[in-house]
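K.L.:
sequence and predicted model, in that order:
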Amino acid sequence: MKSKAWYRKQLRRKPVQITRYAVQALFLLFSLYIGLQFYQFYEHFITNGKTPFVERPSAVEGFLPISALVALKVWLISGDFDVIHPAGLVLFSFFVGTGILLRKSFCSWICPVGTANELIAWLGRKIFKRNFELPVWLVWLLTPIKYVLLLLFIGMVLQMDIFSAKSFLVDNYNKVSDIKMLLLFLDISGFTIKFIIVIFILSLFFRNFWCRFMCPYGAFIGLGSTFRMTKIERNVDTCTNCERCSKVCPQRLKVHMMDKVTSLNCSACMSCVEACPIKDTLNMTVAKKKVNKWFVPVTFFVLFFIVIGAAKMTGHWNTIITYEEWKQLIPDARYIGH
């Protein structure tokens, strides 16, 4: 059992990381809460009102990236904002948009899948005393997978004409896409279980395996880093090559070998900056100007809550689907196709 003095020392040494872990835990619990609330909403309709009605949490739309991608296309081309899953479009647009200035902050601070990946990696370190490294050649082979998946999704949406895209948004299939997502886990297939088990095992051995090689959502957000507005810069003159920065990097980047961390995988988690024992050797820079290590996460969350607040006040958060329409759609959701 570690002493209070040890915890105080850790908090002084790496306050950003301690805060990040706490925020990750809160958002993971929040995700579980809205999942439970959404299930209770679903159960009310599937039992014909025998269970109490629970308001549908709009935040569940954050788990509908394909629908949001189509909605984003429609919004950009025609100016029509999605009224079926508006919260999904708000969240998707925000996360992808902030990737330009704040890199993949979403991935390292609030993504529940990213948090689960880090927890699994921590469990792996407890069991095997460390996480293992993949051979460089295998990393090169695996890295394109998430971009190929991303291209498939983007290509599918781009080939839709604007009429088809608008029709998709108001189609019954899209209206119940969140219900279908729930059913995927309630009636989980053997293939899905096997896939989850494989990813779990790989993540035990290789830290953040899903995030690094498989996640198209993270890949899309990471594309914003190509503008190189925000990056970690290393002072070569003061660096001692202790490699602490590389050892703590969740994305397994070789920070100690880079003058500037411009990788699309960098999630601006600030682990490397706080791990560096030499002051001003590693610094976060925005538009080539050094900023405080709190700048990225604080800016991200300030914008996050402003955007959600604005969406709610302007009527761009809750769906227009009525109780009566849900009553008709949800019992037949599993049979609705597109």
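P.N.:
Nice, thanks for sending it over.

K.L.:
contact partners for the closest residue to Ile110 other than its chain neighbours?
P.N.:
Among residues not flanking Ile110 along the chain, Phe27 sits closest, at 4.3 Å (CB to CB, 6 or more residues apart in numbering). In short, each C-beta sits where N, CA and C put it, glycine included. The contact partners of Phe27, by CB atoms under 8 Å, 6 or more residues apart in numbering, come to Trp109, Ile110, Cys111, Pro112, Thr115.

K.L.:
report the two of these separated the most.
P.N.:
The largest separation in the contacts of Phe27, counting by CB to CB, is between Trp109 and Pro112 at 11.1 Å.

K.L.:
in the helix or strand hosting the residue nearest to Ile110, what counts as buried?
P.N.:
Element membership of Phe27, judged by DSSP states H and E, is helix 15-46. Neighbour-count burial for helix 15-46 flags 16-17, 20, 23-24, 27-28, 31, 34-35, 37-38, 40-42, 44-45 (criterion: 16 or more other CB atoms under 10 Å).

K.L.:
so for it, mean pLDDT?
P.N.:
In this model, helix 15-46 has a mean pLDDT of 96.

K.L.:
what do you get for stretch 215-227?
P.N.:
Rounded mean pLDDT across stretch 215-227 is 93.

K.L.:
quick one, what contacts the closest residue to Phe92 other than its chain neighbours?
P.N.:
Leaving aside its chain neighbours, Phe92 sits nearest to Ala68 (3.5 Å; criterion: CB to CB, 6+ apart). Ala68 sits next to Glu61, Asp82, His85, Gly88, Leu89, Leu91, Phe92, Ser93 when contact means CB under 8 Å, 6+ apart.

K.L.:
where exactly do the helices run in the stretch 151-300 of the chain?
P.N.:
162-170, 172-175, 177-186, 190-205, 209-213, 216-222, 244-248, 271-275, 295-313 (DSSP state H, counting those that start in this stretch).

K.L.:
report the buried residues of the longest one.
P.N.:
In other words, helix 295-313. For helix 295-313, by 16+ other CB under 10 Å, it's Phe295, Val296, Pro297, Thr299, Phe300, Leu303, Phe304, Val307, Ile308, Ala311.

K.L.:
how about these in TSV, adding pLDDT?
P.N.:
TSV is the format used below for the buried residues of helix 295-313 (pLDDT from 0 to 100):
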residue	pLDDT
Phe295	95
Val296	95
Pro297	95
Thr299	96
Phe300	97
Leu303	97
Phe304	97
Val307	97
Ile308	97
Ala311	97
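
K.L.:
dump these into a markdown table; add distance to Val198 as well.
P.N.:
As requested, the buried residues of helix 295-313 are arranged in a markdown table below (distance: CB to CB, whole Å):
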| residue | distance to Val198 |
| --- | --- |
| Phe295 | 38 |
| Val296 | 33 |
| Pro297 | 32 |
| Thr299 | 37 |
| Phe300 | 32 |
| Leu303 | 36 |
| Phe304 | 33 |
| Val307 | 36 |
| Ile308 | 35 |
| Ala311 | 37 |
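
K.L.:
find the residue at the geometric middle of the chain.
P.N.:
Cys111 (3.7 Å; CA atoms, centre = their mean).

K.L.:
from Leu72, how far out is that residue?
P.N.:
Separation of Cys111 from Leu72 (CB to CB, to the nearest Å): 19 Å.

K.L.:
element containing the closest residue in space to Met214 that isn't next to it in sequence?
P.N.:
Nearest in space to Met214, with sequence neighbours left out and distances taken as CB to CB, 6+ apart, is Lys146 at 5.6 Å. In the assignment (DSSP H and E), Lys146 maps to helix 144-158.

K.L.:
check which helices and strands that helix sits against.
P.N.:
helix 65-78, helix 216-222 (3 or more CB pairs under 8 Å, 6 or more residues apart in numbering; DSSP states H and E).

K.L.:
which parts of the first one are buried?
P.N.:
What it means is helix 65-78. Pro65, Ile66, Ser67, Ala68, Leu69, Val70, Ala71, Leu72, Lys73, Val74.
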